[in-house]
Structure formats: structure tokens, C-alpha cells
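Student: Please work out how this folds:
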Amino acid sequence: MDIVLKANKLNKYFNEPEEFHVLKDVSFEVPRGQFVSIVGKSGCGKSTLLYLLSTMDTEYKGQVYVNDVLLTGKTQNELAKFRNEHIGFIFQFHFLLPEFSALKNVMLPAEKLGKYSKSECEDRAYEKLKWLDMEKFATKLSSKLSGGQQQRVAIARALVNDPTIIMGDEPTGNLDSTNTQIVFDILKDLSKSKHQTIIAVTHDNEFAANTDRIIEMKDGEIVKP
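Tutor: So this is what the prediction gives:
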């Protein structure tokens, strides 16, 4: 089995206003192409876990591996480079730059990576928008798109560098039921047809029930791996 992500005995503490043990010996593995949802009540540690796995939070004990690369202990610059190439992130809010077109928003991570020419970045971005049936909005300012369209552009942006893993923090949490289904179907198709590994934190039980695997958390621990 091709293991893409491995978390080994992750422990996380918050020290303000007093010490609180947020994550307690969290360990699990995710094989390539699996669509995983992480669920649990608010405050159980699921979003904290996602930020550790995505290397955005480095204050923890334990180890995180992606593609057999140990990320724990790397410098912020090393992590930023690795993250841009290997981890695509979808937030609850799309965080698009309103003054840029949909195409330009999607191009930005590819341009930052520095592996492709400007025309290649544009071609890659357009290809991802086309996957998501958004190519006809490529030149439209992101601020002029609907909420569902903006989230699809955000998914295209997460995909532009062909990441090893897509991580989502409530990726449908800000959408109505119709757009929630559209976004879920896109993610499911990416997992099946492109063998894309996806890890999503969600409060949506229906969303979670239709993923390949549910990791349930309670009080900082995994109760169902």
C-alpha cells in the first residue's frame, strides 16, 4: 500500500490562558487516493490536527511524514516550499484576491513554485478551471462570482501544482446544499478518477458518510480510525 501521509504520536498543547492538552498521541496513516473525512464535536481538535498535518502549525511533539519525507523539524522556508508543491488547501472561506481574475487567482501558487514559465502557469490554471467547469469565467474578477463559483476557483487553485494531498477545513461549510453537493462531487471525482488524496475536516455528517473513510475524534484523541 502506498502511504502518502503518516502521523506518529502527535501531541499538541495550548499554553494560554493555562496549559491544555489539545491532541493526545494521535497516530494514523492515509494511503494514496483515499478520501478521508475527520469528524467530531467542536473543540475536539480536528482543525488543530489539520493545521499540524498541513505544516502550518509546527509547535507539536511527534512526527508528520508526507511521501516518506519527515516534515517535523524543517525550517519555515523549507516547509513553505514543500507545502506549495505538495499540499493544496481549501478553506471554508475561499480567500481569493478580489482584484484578480479567476485565472490569475489559480495561477498564483504555480507562479510562486517557480517551476513553470508564465504561459505554462496560465495553461495549468486554465486546465484546472476547465476540470471544474469554470473556464468560461476565467477572465471574470473573482469578486463578481457567486459563492459556489468562488469555491470552485479555490479548488482549482489548490490543484494547480498537482499536490500530493488536498486538505480541506470545512470546504463546504459556507455553501448552500446545492453547492455543497457540487463541491463534494468534484472532490469525490478527483479521488476516484485522478487518484487524488483528500483529507477534509467537516461537521457535515452526510458529507462524511460518503467519503472513503471517517476518522472520528473526541477530546483530542482518535476514537475511530
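
Student: so who does Y65 touch?
Tutor: Neighbouring residues of Y65 by CB atoms under 8 Å, 6 or more residues apart in numbering: L5, K6, N8, L71. Where C-beta positions appear, they are placed from N, C-alpha and C, glycine not excepted.

Student: Can you add neighbour count and distance to P109 and give the residues you listed back as a markdown table?
Tutor: Below are the contacts of Y65 laid out as a markdown table (neighbours: other CB atoms under 10 Å; distance: CB to CB, whole Å):
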| residue | neighbour count | distance to P109 |
| --- | --- | --- |
| L5 | 23 | 20 |
| K6 | 17 | 24 |
| N8 | 15 | 28 |
| L71 | 22 | 18 |
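
Student: mind checking how far the residue nearest in space to the middle of the chain is from K128?
Tutor: Nearest to the mean C-alpha position of the chain, by CA atoms, centre = their mean, lies M167 at 1.7 Å. As for M167, its distance to K128 is 17 Å (criterion: CB to CB, to the nearest Å).

Student: so is Y126 in a helix, a strand, or just coil?
Tutor: helix (DSSP: H, G, I helix; E, B strand; the rest coil).

Student: What count of nearby residues applies to it?
Tutor: Using other CB atoms under 10 Å, Y126 is surrounded by 18 other residues.

Student: Likewise for T172?
Tutor: 25.
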